[in-house]
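Here is a sequence with its predicted model. Questions after.
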Amino acid sequence: MESEGTILLWWFLFGGTHIGGSSLPVRTWLGRRFGLSVFKGLYSVVAFATFLPLCYVYFNNKHAGLLLFEPGYGLQLATQVLMLLALIVLGQSLATTSPMTTLAEMTGRFRGRARGIQRVTRHPQNFAFALFGFAHLLSNPYAGDWIFFGGFIVYGLLSALHQDSRTLAIGPKEVRQFQSETTVMPFGAILAGKQQLAIKEYSGIALVVSILCFTILRLLHGTLFGGFG
């Protein structure tokens, strides 16, 4: 239980400082006092200083704790499919400029409308992190694994909701319009008739790069990360 508790502790430290540090009062005060560039630098340093130890503790205690289930071939295959999807979503999110940029939040100048993967969910990177976590839960059956990978799901959701609350607090009507036209839940806005899939808005280059990254990671996974998913 000691290793599982340490993994959970580092998740609290990373998630707490990441979400707390990006709260509107904190980031506004720091941004005005030190400037946006300094704030972003400090924010990144704190993020690395908490996330890297989290990964270090986990990889030195992989498959720790209670065995919860035996992952069969079907679950391992599902892991691969979901990981490919996660990388595709991540690639599209990086290729599509988000209207909710740091500069827009700090200055109150909101930019753009939903485009491409943002029509599916207004938080595509968070969705990709959650998919990554869920995919690995299926083929990593120990309690320590579930704490580590489950943290990506919890963080992805809480971070998305936190960002929504923060951007709404800024005030411009464009923020409220963007959020009314999109959803956190994947495909929610499309199913509600508020958005279309708009395939032409997706990046073909990002898709190819995502598939290549998946192929390389699949081939090197055992060497880089060891067994299981």
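Sure thing, it's come through. A quick note: this is a predicted structure, and the numbers were derived from the prediction, not measured.

hey, where'd the helices end up in this structure?
2-21, 24-34, 36-59, 73-95, 102-107, 124-137, 143-170, 173-181, 188-191, 204-225 (DSSP state H).

Which of those comes out lowest on mean pLDDT?
For these, the weakest mean pLDDT is recorded on helix 102-107, namely a mean of 57.

picking that back up, tell me the most buried of the helices of the chain?
Stretch with highest mean neighbour count among those: helix 124-137 (a mean of 22; mean count of other C-beta atoms under 10 Å). All C-beta spots, glycine's among them, are computed from the backbone N, C-alpha and C.

From the chain's centroid, how far away is that helix?
Centroid separation between helix 124-137 and its chain, computed with C-alpha atoms, centre = their mean, to the nearest Å, is 7 Å.

same for that helix, what does it pack against?
Contacts defined by 3 or more C-beta pairs under 8 Å, 6 or more residues apart in numbering; DSSP states H and E place helix 124-137 against helix 73-95, helix 143-170.

quick one, which of those is nearest to Thr223?
helix 73-95 (16.6 Å; C-beta to C-beta).

I'd say Gly151 and Trp11 touch.
Yes: with contacts counted by C-beta atoms under 8 Å, Gly151 reaches Trp11, the gap being 4.3 Å.

Identify the contacts common to those two.
Common neighbours of Gly151 and Trp11, counting by C-beta atoms under 8 Å, 6 or more residues apart in numbering, are Leu54.

follow-up on the earlier one: right, so of the helices and strands packed on helix 124-137, which gets closest to Tyr58?
With C-beta to C-beta as the yardstick, what comes closest out of the helices and strands packed on helix 124-137 is helix 143-170 (4.5 Å).

circling back: okay, the helices of the chain in a markdown table with distance to Gly116 next?
Formatted as a markdown table, the helices of the chain follow (distance: least, C-beta to C-beta, whole Å):
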| stretch | distance to Gly116 |
| --- | --- |
| helix 2-21 | 25 |
| helix 24-34 | 27 |
| helix 36-59 | 25 |
| helix 73-95 | 6 |
| helix 102-107 | 18 |
| helix 124-137 | 9 |
| helix 143-170 | 17 |
| helix 173-181 | 14 |
| helix 188-191 | 12 |
| helix 204-225 | 9 |
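
gap between the residue lying farthest from the centre of the chain and Phe39?
For the chain, the largest distance from the centre (C-alpha atoms, centre = their mean) belongs to Arg33, which lies 28.8 Å off. Distance, Arg33 to Phe39, by C-beta to C-beta, to the nearest Å: 9 Å.

ditto for Phe127
Taken as C-beta to C-beta, the span from Phe127 to Phe39 is 26 Å.

OK, contacts around Gly156?
123, 126-127, 129-130, 133.

And these, which is closest to Ala169?
Distance to Ala169 across these (C-beta to C-beta) is lowest for His123, with 16.8 Å.

residues in contact with the nearest residue to that closest one once chain neighbours are set aside?
Counting by C-beta to C-beta, 6 or more residues apart in numbering, the nearest residue to His123 once its immediate chain neighbours are dropped is Ala160, at 4.0 Å. Going by C-beta under 8 Å, 6+ apart, Ala160 touches 122-123, 126, 184.

now swap in His123 and tell me
His123 makes contact with 156, 159-160, 163, 184, according to C-beta under 8 Å, 6+ apart.

could you redo these as CSV and give each row distance to Thr28?
Listed next are the contacts of His123 as CSV, based on distance: C-beta to C-beta, whole Å:
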residue, distance to Thr28
Gly156, 24
Ser159, 18
Ala160, 20
Gln163, 14
Val184, 23
